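Participant: Sequence and predicted structure are below.
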Amino acid sequence: MPGPRPTQARSSTMVSASPPPPYQNVPQDHSSRAHSYQDMESTIGSTTPTQPFSHANHRDYGTLPVPSPSSPGDTDTDSDIAEADSRMLKRVLALAVIAFMCFSTIQFVYAQGEIQEERRVWERERREHAAEVKVWNQERADHEREGQVFQRAREEWQQERKEHAAEVVLWNRERAEHEREGEVFQQAREEWQRERKAHKPFWGTVGLQSPSCLAYNTRRYQAKLRNVPLGADWLQACMSTQVEIQGRTFSAPEKCEIWGDDVYGYWIVDFDQPECQPRWADFTWQKGCLRPGIYGLEAPLWGQKQGDDVYQLCMTTPGYLAGYGDMGHPNYCERRGDRDIGMVGRWEVPDNNCW
């Protein structure tokens, strides 16, 4: 606790327009005079102005009153005031400390709540991260196993590739040997064919037996069989000798005949015969209802010639009729017209309007 303040702390220098009066020594009876001065001061203190007197005729005009020196009683009062101030300061400090501690406690509790929440979030994130790490480790292990499987498969494929390359080399070698053997065999076969042809029958020039048409796109060809050995079976030789006509091979003729010492074979060729491809006229005759449920159509045949089998041509020519399309082969054929080659085909078509 601070001690009593010195007396000079309560004194102040008189403020005036003129220089202050000189200080004087305190007399021995200062104490008694001081008390009387204090009594007077207490009597008029409430009315004594603190500013310089404002009355111009006053003797102390323009000056401030000089406080009296401190007395022992004033020292005690100042000590009490200081002690009270000290106690007040302690209370204020105590209240400040308490407020600070309360604020710190509240802040600590709030911070602990946030810390706990952050800890829970962190724990949840840590568990999620641990789960992700576990999944990632599992995926990495699976990937490593797949990589090992792929590596083994790749090694097996490399081994198979090497084996295949070796097999290809071996196969090429075998193929080359086979080709050489094939060449030798082909040479032997050609030699055998030459010898065989030199001793076997063969057909001469193949030609038409007649320009007449047997049917639609059909004519007969013939050829003479040559190189038949004496005393050999001419019919067997004829039926077993092949021939090529219009780019196609016939294994046997339709029939074989012998005229004197010559053997002839005959073949029916039903392709690539444009001279035997007649057609139906560009118009169609409507014959009306022939009988209940049947409607009749007729058309003349164009393109046949003398010597043709016109009846077979009529029955085998495709039935593309003008205005009707493909009606198939006719049901009947009738000879009409001049030169004995006119033919008319008839088609019987189902028709519910005929009754």
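Facilitator: Perfect, thanks for sending it. Residues are numbered from 1 along each chain as shown.
Participant: how about the helices of the stretch 151-300 of the chain, start to end?
Facilitator: 234-239 (DSSP state H, counting those that start in this stretch).
Participant: so where's it uncertain?
Facilitator: Scanning the stretch 151-300 of the chain for pLDDT under 70 picks out 196.
Participant: Do you have the strands of it handy? List them.
Facilitator: Using DSSP state E, counting those that start in this stretch, the strands of the stretch 151-300 of the chain run over 202-203, 207-208, 219-226, 243-245, 248-250, 255-259, 262-269, 279-280, 285-291, 294-302.
Participant: Could you name the stretch from those that's closest to H164?
Facilitator: strand 248-250 (41.7 Å; Cβ to Cβ). For glycine as for every other residue, the C-beta is placed from the backbone atoms N, C-alpha and C.
Participant: which other residues reach the closest one?
Facilitator: Q242, V243, E244, W267, F271 (Cβ atoms under 8 Å, 6 or more residues apart in numbering).
Participant: rewinding a little: out of the strands of the stretch 151-300 of the chain, which is closest to E155?
Facilitator: That would be strand 248-250 among the strands of the stretch 151-300 of the chain, by Cβ to Cβ, at 55.8 Å.
Participant: what are the pairing partners of the closest one, and which direction each?
Facilitator: Its sheet considered, strand 248-250 pairs with strand 243-245 (antiparallel) by DSSP bridges.
Participant: Any idea how far the partner strand is from the middle of the chain?
Facilitator: 61 Å (Cα atoms, centre = their mean, to the nearest Å).
Participant: which SS state does the residue nearest the centre of the chain fall under?
Facilitator: The chain has H143 as the residue nearest its centroid, 22.8 Å off, counting by Cα atoms, centre = their mean. Of the three states, H143 takes helix according to DSSP: H, G, I helix; E, B strand; the rest coil.
Participant: Model confidence at it, what's the number?
Facilitator: What the model reports for H143 is a pLDDT of 91.
Participant: Now do it against F108, distance only.
Facilitator: 49 Å (Cβ to Cβ, to the nearest Å).
Participant: Please convert the strands of the stretch 151-300 of the chain to JSON lines, extending it with distance to K162 and mean neighbour count.
Facilitator: JSON lines is the format used below for the strands of the stretch 151-300 of the chain (distance: least, Cβ to Cβ, whole Å; neighbours: other Cβ atoms under 10 Å):
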{"stretch": "strand 202-203", "distance to K162": "55", "mean neighbour count": "18"}
{"stretch": "strand 207-208", "distance to K162": "64", "mean neighbour count": "12"}
{"stretch": "strand 219-226", "distance to K162": "61", "mean neighbour count": "18"}
{"stretch": "strand 243-245", "distance to K162": "51", "mean neighbour count": "15"}
{"stretch": "strand 248-250", "distance to K162": "48", "mean neighbour count": "13"}
{"stretch": "strand 255-259", "distance to K162": "64", "mean neighbour count": "13"}
{"stretch": "strand 262-269", "distance to K162": "59", "mean neighbour count": "18"}
{"stretch": "strand 279-280", "distance to K162": "68", "mean neighbour count": "18"}
{"stretch": "strand 285-291", "distance to K162": "80", "mean neighbour count": "12"}
{"stretch": "strand 294-302", "distance to K162": "74", "mean neighbour count": "19"}
